[in-house]
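Asker: Sharing a sequence plus its predicted fold:
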Amino acid sequence: MAKSIMIVDDSATMRKIIMRTINMSGLEFDRTEEAGNGAEALEKMGANPVEIMLCDVNMPEMSGTELVKKVREVSAYADTKIIMVSTESSQELIDNTIADGANGFITKPFTPEKFQEELSPYMK
Ligand SMILES: [Mg+2]
C-alpha cells in the first residue's frame, strides 16, 4: 500500500538525519515531503496530504504542539498519524501533546529501531 510521510523540522540537517534513519529502519515510503515549520507543513498538507507526519516541537512561526492542534481541527486529516520527534522529553510535554492528538513521541537521540517500533503499526 502506498505510504506518504512528511518530516517537519526547522533544521534541514535534522530532516536529513531523520530521513537517513528511516531508510536504515527498513521502512519504505512512496512519497516524502519536508517542511521547515508548522505553517509550511499545513500548507503542504492542504496541497497534498500525507498519511504520517514526523514533527519537531520547537520551530519558528508555528511550533509542533500548535501544528498538532491545527491538524486535529481538520476532519479530513483525522486518520493522519502524527509522531513527535524532539530533544524535549518531559513527561508533561509528552502527555499534553498526546492529549492534543499526537499519536506518538520519539525522543532524540533516536535509533532506526525506535522508528521501526513507532511507525510500523501505521504501515499496514
Ligand atoms: Mg527545532
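Answerer: Nice, I can see it.
Asker: Tell me the residues of the protein that contact the ion?
Answerer: When proximity is defined by CB under 5 Å from the ion, the chain lies next to the ion at Asp10, Asp56, Asn58, Met59. Any C-beta I mention is one placed from the backbone N, CA and C, and that applies to glycine too.
Asker: Quick check, the second one in contact with Ala12.
Answerer: No: under the criterion of CB atoms under 8 Å, Asp56 makes no contact with Ala12, lying 11.7 Å away.
Asker: Overlap of the contact sets of these two?
Answerer: Common neighbours of Asp56 and Ala12 are not found (criterion: CB atoms under 8 Å, 6 or more residues apart in numbering).
Asker: Those two - which one has more neighbours?
Answerer: Asp56 (27 against 10; other CB atoms under 10 Å).
Asker: what residues are up against the more buried one?
Answerer: Counted by CB under 8 Å, 6+ apart, Asp56 has contacts Val8, Asp9, Asp10, Ser11, Met14, Gly64, Met84, Val85, Ser86.
Asker: Which of these sits closest to Gly46?
Answerer: Of all those, Val8 has the smallest distance to Gly46: 14.1 Å, by CB to CB.
Asker: What residues are bridge-paired with that closest one?
Answerer: In this structure, Val8 bridges to Ala35, Cys55 when assessed by DSSP bridges.
Asker: Let me see the contact set for it.
Answerer: Taking CB under 8 Å, 6+ apart as the test, what Val8 contacts is 34-38, 40-41, 53-56, 59, 64, 67.
Asker: can you list the residues you listed in CSV and add distance to Asp100 and pLDDT?
Answerer: Formatted as CSV, those follow (distance: CB to CB, whole Å; pLDDT from 0 to 100):
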residue, distance to Asp100, pLDDT
Glu34, 23, 98
Ala35, 18, 98
Gly36, 21, 97
Asn37, 17, 97
Gly38, 13, 97
Glu40, 19, 98
Ala41, 15, 98
Met53, 13, 98
Leu54, 16, 98
Cys55, 11, 98
Asp56, 15, 97
Met59, 16, 96
Gly64, 10, 97
Leu67, 10, 98
